[in-house]
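Novice: Turn this into a structure:
(chains A, B, C and D)
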There are 2 protein chains.
Amino acid sequence: MTMIYKTQKPDLAKRTVPPSMVSSGVVIALRPRQRLGLARGSEQVFVVRSGMVYLEAMPQATSRQILDLYYPGDVIKEQSIPQIPGANLIAVQTGEVVRLNAQRLQALVEGDPDARRFLDNAMAHQYPRRLAHLAMLGALTGEERVASLLMELALRVGEAGPDRARTFDIPLSRTEMADYLSLNADTLSRIMSKLRQTGVLGATGRGRGYAPHFDALCRITPLAETITALHVNRPA
Amino acid sequence: MTMIYKTQKPDLAKRTVPPSMVSSGVVIALRPRQRLGLARGSEQVFVVRSGMVYLEAMPQATSRQILDLYYPGDVIKEQSIPQIPGANLIAVQTGEVVRLNAQRLQALVEGDPDARRFLDNAMAHQYPRRLAHLAMLGALTGEERVASLLMELALRVGEAGPDRARTFDIPLSRTEMADYLSLNADTLSRIMSKLRQTGVLGATGRGRGYAPHFDALCRITPLAETITALHVNRPA
DNA sequence: GAATTGCCTTGATGGGGATCAACCGCAACA
DNA sequence: TGTTGCGGTTGATCCCCATCAAGGCAATTC
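Specialist: Next up is the predicted model:
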């Protein structure tokens, strides 16, 4: 099991954006809900340094779907965004991304094995996360999906407390969480209430989450191990 | 529009597996429903030369989800398959894949720009297809999802007939289609019947599809343009 | 302090698709 | 010719979640 895990996540250190890439691009400071301009013709590439960004789409006028969630170290190629109605990149919180021109990046990468490895590594992380997301939407109930997302956030941006407790930020709004999980915001709210009532979640301020016993949260979703493998930074 | 399309699909010719890659790997002949062995530790890479392969997972004992569908020119890295219960690669029909060792492939690619370009290009195609799949499951109704898959198959493995008609193979079984679309097989069958009754589909033998007027099929799904951009080989 | 706005919560109701069951057509096989 | 099994189809019923509506709560504005 441990071995599998190791092959999955080659190296965490590689997820820091290499200086060569930063210096050949433009650093953009992000504010909450800021839109990152998509200009398909220009073939831009964004690299997340800090904060959190998502890709939304609106297949119908009435329904938004959040397709992808980007964390520090993730790479967003405009080329990899399908031609889909209402595609938008949106920052969740304050942070920084580096914007690069695809051709220039290509040239940079030819002579810079570090940058090359960084890019390959980013893709190797992001693709399986999308597959897991797919499995969530396709095969899990509402409550299981919510637990999966909470696990993900807790592992990504949470601090471990004593006695298997975990506190973590929830930078996404209810609507955003719902659109990521393909749930109705009302339904999501109900599920969150239920989790609080059953003691899986504790009371917190807005934008924060608290799991008094993290394992209880994990037990809800059948994909607990999958999510752990994808989002844990170092073996717990 | 046309310009966007061009940037999306850089070059079709690059989707033929380079000879250097074939010769440094093992060619495997596929028979319908054959399982491709996954051996996580060994870090294999499969490249599809012909036929069709899918990745399945079983988050629960009762529900299977088909996560990914691979066409000729697609690349399957074991590293990019999440650690998910019941992960399996399965061939849909007769075909051929090349199996390569990841380290060896890495070495090959260092000195072979063609191979490098082929790999990059494959990923640039596959990632947006997964995002579109996600949008389908997340935001479309059953009927819309089915129409989307039929469009995909018609564009991938179909022949255009006179008068905007299209005939195409449906190599996937009903169960497989249902698991790809996250529908119940019964429900899928009902939807197919309805499409036949409304004249969107014509009568065919098993494993074949016939759309007397392809546009009628496209009109059903809000993602028609997305799917066209992702699966058309050359501008229609 | 009242009004406004955005976000979240909660209740009542309905619909899309899952589930369970029966049946059909067809191929494989003794 | 009967049997067995698989894949597909169709009907009856049920449930999870979407939808609609109302109300709570906090921050902001006048």
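Novice: Can you identify the element that follows the helix or strand where A:Phe118 lies toward the C-terminus?
Specialist: Secondary structure assignment for A:Phe118, by DSSP states H and E: helix A:113-139. Going down the chain from helix A:113-139, the next helix or strand is helix A:142-157, by DSSP H and E.
Novice: where do the helices sit along chain A?
Specialist: In chain A, the helices defined using DSSP state H lie at A:2-8, A:19-23, A:102-110, A:113-139, A:142-157, A:174-181, A:185-197, A:214-220, A:224-231.
Novice: chain center to the helix holding A:Phe118: distance?
Specialist: 10 Å (C-alpha atoms, centre = their mean, to the nearest Å).
Novice: Could you give me the buried positions within it?
Specialist: The neighbour-count check on helix A:113-139 (16 or more other C-beta atoms under 10 Å in any protein chain shown) flags A:115-139 as buried. C-beta: built from backbone N, CA, C; applies to glycine.
Novice: now stretch A:134-144: how far from the chain's centre is it?
Specialist: Here stretch A:134-144 is found 17 Å from its chain centre; the criterion is C-alpha atoms, centre = their mean.
Novice: can you list the domain ranges for chain A.
Specialist: Following automatic domain parsing, one gets these domains for chain A: A:2-135, A:141-231.
Novice: Stretch A:142-162 vs chain B: in contact?
Specialist: No. For stretch A:142-162, no contact with chain B is found by C-beta under 8 Å from any C-beta of the partner chain; the gap never falls below 8.6 Å.
Novice: Does that stretch reach DNA strand D?
Specialist: Yes. Shown here: stretch A:142-162 in contact with DNA strand D (C-beta under 7 Å from any atom of the strand) through A:Gly142, A:Glu143.
Novice: so who does the spatially most central residue of chain A touch?
Specialist: Per C-alpha atoms, centre = their mean, the C-alpha nearest to the average position across chain A is that of A:Leu69, at 3.4 Å. By C-beta atoms under 8 Å, 6 or more residues apart in numbering or on different chains, the residues touching A:Leu69 are A:Met52, A:Val53, A:Tyr54, A:Arg129, A:Tyr180.
Novice: got CSV for those residues, with distance to DNA strand C and pLDDT too?
Specialist: Output for the contacts of A:Leu69, formatted as CSV (distance: C-beta to the nearest atom of the strand, whole Å; pLDDT from 0 to 100):
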residue, distance to DNA strand C, pLDDT
A:Met52, 15, 93
A:Val53, 17, 95
A:Tyr54, 15, 95
A:Arg129, 23, 97
A:Tyr180, 13, 96
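Novice: near chain B, which of the residues you listed show up?
Specialist: Counting by C-beta under 8 Å from any C-beta, A:Arg129 from those sit close to chain B.
Novice: what's the closest of the contacts of A:Leu69 to chain B?
Specialist: Using C-beta to the nearest C-beta, A:Arg129 is the member of the contacts of A:Leu69 that lies nearest chain B, at 7.5 Å.
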